[in-house]
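> When you get a sec, could you give me coordinates for this:
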Amino acid sequence: MTPSTTTATPARSSAKPQSMRAALPALIGLCLTMLVEMVDNSILNIALPTIGRDLSASPTDLQWIVGAYSLTFGGLLMVGGTLGDMLGRRRTLLVGLALFGASGLAVLLVSNPAQLIAVRAVSGAFAALIAPLTMSLIFRLFDRDDLRTKAIGLIMVVSMIGFAVGPTLAGLAIASWPWQALLVLNAPIAAIAWLGVRFGVDRDDPADRRPGGADIPGALLSVAALGLLLYSFTSGVDNGWTSPITLGVTAGGIAALVGFVWRERTAMHPMLDLKLLALPTVRGSAILQTGVMMAMVGVMFVSTQLYQFAWGWSAFQAGLANLPFVAGMLLAGPFVDRAVAKYGHRRTATGGTALVLISLLVWIYAVGHGFIWCAIAMLIMTAGMRTIMTTGAVALLGALPETHTSIGSAMNDTAQELGNAVGVAIVGTVMAAVVGSSLPQGAWDAATVAGFVHSQQISFAILAVIVVVLGAIGLRSFTDSTETEEH
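Residues are numbered from 1 along each chain as shown. Okay, the predicted model is just below:
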């Protein structure tokens, strides 16, 4: 028995790919998984004016068409990570991909804004099954630290490019196809990703599963808290900030949040182990990423409406106008690891945060002075985002034990999706409060354009303050380490 056991252990270790090329099928499958999930996160932004006209949607409807996905995605990511750790990451990912692809087809049945919001919420729930497991499987694909670092960097690049390139692809697509095609295309892409994972990733090892149950009450409380608190913004504009409805919704959101914290402190198998947030790097990364994601998503939400509503551009032109988002991430990529090696995590992340803040100040000027300034602001913003997201993700995952990599990835994505939902809520609420709860169809007059531009200048100023405050809190927890795998 001893000789066979001795031979089995190295055999299992040697099965791990020893180069990026050897892991190519798995990398393709996992990168496509991350790509389809992130593209779906932002792909409808460019189509919002078209959707608004087609479904007679109000600005509040458009806000929730975008926000519903982030709400269920962010609220259920921890459950997805827990299920992966319990049932097997590969198995859970394959199920999630199949359901995610199928949910995209449901858009063919949509005939009003409420139905589309429901479809987006369901898609976000299934996306929560795939996002944390993608990062976890990338992390576990190799047993060499250098290959892990390269793979994490690759998946982060794919993630951010997918998020930024979504509007560009959407603009190209709806020039020839109905907007529904943007979600229907999820099905074939998810199918290809499913095949890559199925045949490129080894079966789950039962020894890697962790015991315990999925914290469904905690998940429901987290979604309820986030949903009610975000809806309080909408209700404040529609019904008045001191109306009984708004106060009741806000109180319900606070009660759900308190209930969530109590549940996570007392549950035998909590969805989120609050002790993990006591780790400085984990807490700091989550806070920082939430703040900067609010800024980026807020800008992306309103920029496509600026181009199409205020400037009268076509969806195709507006899609191409988002290319600086992609360029900024690609150009910044080679400098991130060098910056970490030379300056450490804290100073590198501080530089990235400063770039995001500068970009918001440029945006305040840009919305009233033409696209060149908008393009400059996009380049600056995405360079900062690329720096923060890469540094933060590696630091957060490295701070956790290997048995919690799925949960760690879920925490990373939850922080981003929380920023996503809140960023859209902030700019959508300011827009509705300044411009009105309904926007005119067709060409806008000068007064409407001026009101829209003013509302976005207010939004960007608010987001800049948020980035300063959350950045100051988050950056204090980072270290000056230059080792990408130390945390």
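> to the chain's geometric centre, what's the distance from the top helix by length along the chain?
The longest helix of the chain (DSSP state H) is helix 323-366. With Cα atoms, centre = their mean, to the nearest Å as the basis, helix 323-366 stands 18 Å off its chain's centre.
> can you count the residues close to residue 262?
12 (other Cβ atoms under 10 Å). C-beta coordinates here come from the backbone N, C-alpha and C atoms, glycine included.
> Which helix or which strand is home to it?
helix 244-266 (DSSP states H and E).
> ditto for residue 288
Secondary structure from DSSP H and E places residue 288 in helix 280-305.
> and that helix with helix 323-366, angle?
With axes from the mean of the first three to the mean of the last three Cα atoms, to 10 degrees defining the directions, helix 280-305 sits at 80 degrees from helix 323-366.
> In terms of secondary structure, what does helix 280-305 contact?
Under the contact criterion of 3 or more Cβ pairs under 8 Å, 6 or more residues apart in numbering; DSSP states H and E, helix 280-305 touches helix 48-55, helix 145-173, helix 323-366, helix 371-398, helix 405-435, helix 446-475.
> hmm, who's touching stretch 234-247?
60, 63-64, 232, 249, 425, 428-429, 432-433, 437 (Cβ atoms under 8 Å, 6 or more residues apart in numbering).
> what does the average pLDDT come to for the longest helix of the chain?
Taken as a whole, helix 323-366 has an average pLDDT of 84.
> Okay, now the unreliable bits of the stretch 1-150 of the chain?
1-14, 41-42, 145 (pLDDT under 70).
> And for the stretch 151-300 of the chain?
160, 163-164, 207-214, 237.
> go again using 80 as the cut-off
Residues of the stretch 151-300 of the chain meeting the criterion pLDDT under 80: 151-176, 200, 202-216, 219, 226, 230, 233-240, 268-281.
> how many other residues sit next to residue 431?
The burial count for residue 431: 26, using other Cβ under 10 Å.
> what about it, distance to residue 85?
40 Å (Cβ to Cβ, to the nearest Å).
> ditto for residue 334
Residue 334 is 34 Å from residue 85, by Cβ to Cβ.
> who has more neighbours, these two?
Higher neighbour count among residue 334 and residue 85: residue 85, with 25 against 8, using other Cβ under 10 Å.
> Please report how far the more buried one lies from residue 55.
39 Å.
> Any buried residues in the host helix or strand of residue 139, and which?
Residue 139 belongs to helix 113-141 when assigned by DSSP H and E. Residues of helix 113-141 classed as buried by neighbour count (16 or more other Cβ atoms under 10 Å): 113, 116-117, 119-141.
> swap in stretch 454-462?
By neighbour count on 16+ other Cβ under 10 Å, the buried set for stretch 454-462 is 455-460, 462.
> and if you look at stretch 303-314?
Neighbour-count burial for stretch 303-314, counted by 16+ other Cβ under 10 Å, picks out 303-310, 313.
> Then stretch 217-233?
Buried-residue list, stretch 217-233, by 16+ other Cβ under 10 Å: 218-233.
> Can you pick out the ones from those residues that are in helices?
Of those, the ones assigned to helices by DSSP H are 218-233.
> Show me the two of those residues that sit farthest apart.
218 and 233 (23.9 Å; Cβ to Cβ).
> correct me, but residue 306 touches residue 459?
No. The pair residue 306 / residue 459 is not scored as a contact, 11.3 Å apart, by Cβ atoms under 8 Å.
> and which of the contacts of stretch 234-247 is nearest residue 192?
Taking the contacts of stretch 234-247 together and measuring to residue 192 by Cβ to Cβ, the closest member is residue 64, at 30.4 Å.
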